[in-house]
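structure for the following, please:
(chains A and B)
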Amino acid sequence: MQVTMTVNGTEYTREIEGRMLLVHFLRDVLGLTGTHWGCDTSNCGVCVVWLDGEPVKSCTVLAAMAGGHEVRTVEGLANGAELDPIQEGFRQCHGLQCGFCTPGMLMTCRALLDKNPDPTEGEIREAISGQICRCTGYSSIVRSVRWTAVHEAEARNAKEEVAQA
Amino acid sequence: MQVPAPFEYERATSVDQAIGLLERLGGSARLVAGGHSLLPMMKLRLADFEYLIDINDLHGELGYIRLSDGEVRIGAMTRHRELLESDVLAEVFPIFRDAEKVIADPIVRNRGTLGGSLCQADPSEDLSAVCTTLDASCVIRGPGGAERVVTMEEFHVGPYETAVGDSEILTEIRIPRKLERAGSAYAKVERRAGDWAVVSAGAAVWLDRGRIVDARVGLAAVGPNTTGIPEISAALRGHEPSEELFQVAGAIAARSCDPVTDTRGSADYKRHLADELTRRTLRKAVERARS
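Numbering: from 1, shown residues only, chains lettered A, B, ... in the order given. Here you go, the predicted structure:
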């Protein structure tokens, strides 16, 4: 069957099997290997991407289901050479060790901050509760998200001051 | 790599068109909504279909929470996240928010649906226990727009088996609202965040002038399907709520259920939980009905 979807702003049309999962479509068909493929059972969350702006586990979504919809992957976070603030936060606060869970964590945490720009530690832990960091680096991940929240708030305030001046 | 066996993918554009597809394809076809139960089962070859009919586009038609004086109607495509975030639903039936907080995880809740959860008919499924507790009924639509309404007891005919026929679709859940002061609550014991229940319990009570007019308890993971326990309702009706009364209800729950020993715990431990969680949820439900 033929499927057409928009990934990180680019439209792709490909011939696929109906049973192909979104994670394999992204990695094997489009070559976007930033999205990782982990447990296969929607437990670990390394495969999280956005479908129409909402995080989903792409190992449990058919590629065909994404037809006509918009997908955003970890490759779609940075703006050229400029990292998204959530990526910068993970870099500053050591939010990754082996890096396997990182793409999923980044997509979930970006979605969290877009909805809730000032999340508490509890809210961050709840948001990533469907994701596993096998290096058990959860504390640094929480710190990374808090770093991003603080820096994004500062950036917003600076912008407002400029606008008022 | 785990992938389902080959199948043909179809996409439904309306409820009636989906029923038309089901009529044509018969038992070789299956509806898929969120897919977070069905796709894992297909990966493991526990389920195998020639056709999958994707009904996610029916969210516009079947994704809603509507309140009237007499009842609450929830569309089958309403997603877990929507049930969790609905303030009106939490106001009328706080049991939904209690349960949704402990169903899977936030990412899975973005996809999974009420109808899909009920149709999966897993003995440990939380929303089935919630709907059983609230005496919900299920609207099933078939060819020619014919609708029938069944109780939760009729809906679940066994583990992973429902009353929905080959060319039918579950469209709506209806929950009666009563005039009296209502309270409800849900509690679950799980081994880790987002896991299936070791045991969970839901309770709903309706009070009038300090006395229990009606009360219902629903348990998950302690029998072939989520179970309502009429004996508890009978024991509570007409009485003033008290710890002694909750103890009686807990004891009935423990002896009325049918748990099995498995990796999640021994049958004895599960009976203990059925007792304890029945008491906790009744206590909370009464507290909420009074406030």
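
show me what contacts residue A:152?
A:85, A:113, A:117 (CB atoms under 8 Å, 6 or more residues apart in numbering or on different chains). (Glycine included, C-beta is placed from N, CA and C.)

spatially nearest residue to residue B:188 (excluding sequence neighbours)?
Computed as CB to CB, 6 or more residues apart in numbering or on different chains, the closest residue to residue B:188 that is not its neighbour in sequence is residue B:200, at 3.6 Å.

is it true that that neighbour touches residue B:187?
Yes: using CB atoms under 8 Å, residue B:200 is in contact with residue B:187, at 6.5 Å.

which neighbours do the two share?
Counting by CB under 8 Å, 6+ apart, the shared contacts of residue B:200 and residue B:187 are residue B:277.

so these two - more neighbours on which side?
Between residue B:200 and residue B:187, residue B:200 has the larger neighbour count (other CB atoms under 10 Å in any protein chain shown), namely 30 against 23.

give me the pLDDT value at the more buried one.
In this model, residue B:200 is scored at 96, pLDDT.

then it would be within a strand, right?
Yes: the secondary structure assignment for residue B:200 places it in a strand, going by DSSP: H, G, I helix; E, B strand; the rest coil.

give the buried residues for the helix or strand of chain A with the lowest mean pLDDT.
When the helices and strands of chain A are scored by mean pLDDT, DSSP states H and E, helix A:138-164 comes last with a mean of 94. Buried residues in helix A:138-164, counting neighbours by 16 or more other CB atoms under 10 Å in any protein chain shown, are found at A:138, A:140, A:141, A:142, A:143, A:144, A:145, A:146, A:147, A:148, A:149, A:152.

between those residues, which sits nearest residue B:110?
Each of these was checked against residue B:110 using CB to CB; the closest is residue A:145, at 18.6 Å.

hang on, that closest one packs against residue A:125?
No: in this structure, residue A:145 is not within contact of residue A:125 by CB under 8 Å, at 9.7 Å.

which one is residue B:251 nearest to, not counting chain neighbours?
residue B:275 (6.4 Å).

between the two ends of stretch B:39-47, how far is it?
Distance between the boundary residues of stretch B:39-47 (CA to CA, to the nearest Å) amounts to 9 Å.

I should have written stretch A:70-80 there, sorry.
So stretch A:70-80: terminal residues 20 Å apart, CA to CA.

now that stretch: average pLDDT?
Per-residue pLDDT values across stretch A:70-80 average out to 97.

ok, residue A:114 - contacts?
Taking CB under 8 Å, 6+ apart, we find residue A:114 in contact with no residue.

where does it land on pLDDT?
Value for residue A:114, per-residue pLDDT: 98.

before we move on, what SS does it have?
On the three-state scheme (three-state DSSP), residue A:114 is labelled helix.

near chain A, which residues of chain B show up?
By CB under 8 Å from any CB of the partner chain, the part of chain B that sits against chain A consists of B:1-9, B:11, B:32, B:35-36, B:39-40, B:43, B:52, B:54, B:56, B:104-108, B:110-111, B:193-194.

find the centremost residue of the chain, please.
Using chain A. For chain A, the residue nearest the mean C-alpha position is residue A:107 (1.4 Å; CA atoms, centre = their mean).

chain B was what I was after
Residue closest to the average C-alpha location in chain B (CA atoms, centre = their mean): residue B:128, at 1.9 Å.

got a list of what residue A:61 touches?
With contact taken as CB under 8 Å, 6+ apart, residue A:61 is in contact with A:21, A:22, A:51, B:35, B:111.

oh, I was asking about residue B:280
Taking CB under 8 Å, 6+ apart as the contact definition, residue B:280 lies against B:185, B:187, B:201.

chain B - how does it break down into domains?
The record, using automatic domain parsing to delimit domains, assigns chain B the ranges B:8-57, B:59-176, B:181-290.

near chain B, which residues of chain A show up?
Checking chain A against chain B by CB under 8 Å from any CB, the hits are A:1, A:17-21, A:24, A:37, A:40-43, A:45, A:48, A:54-57, A:60-62, A:64-65, A:67, A:108, A:126-127, A:129-131.
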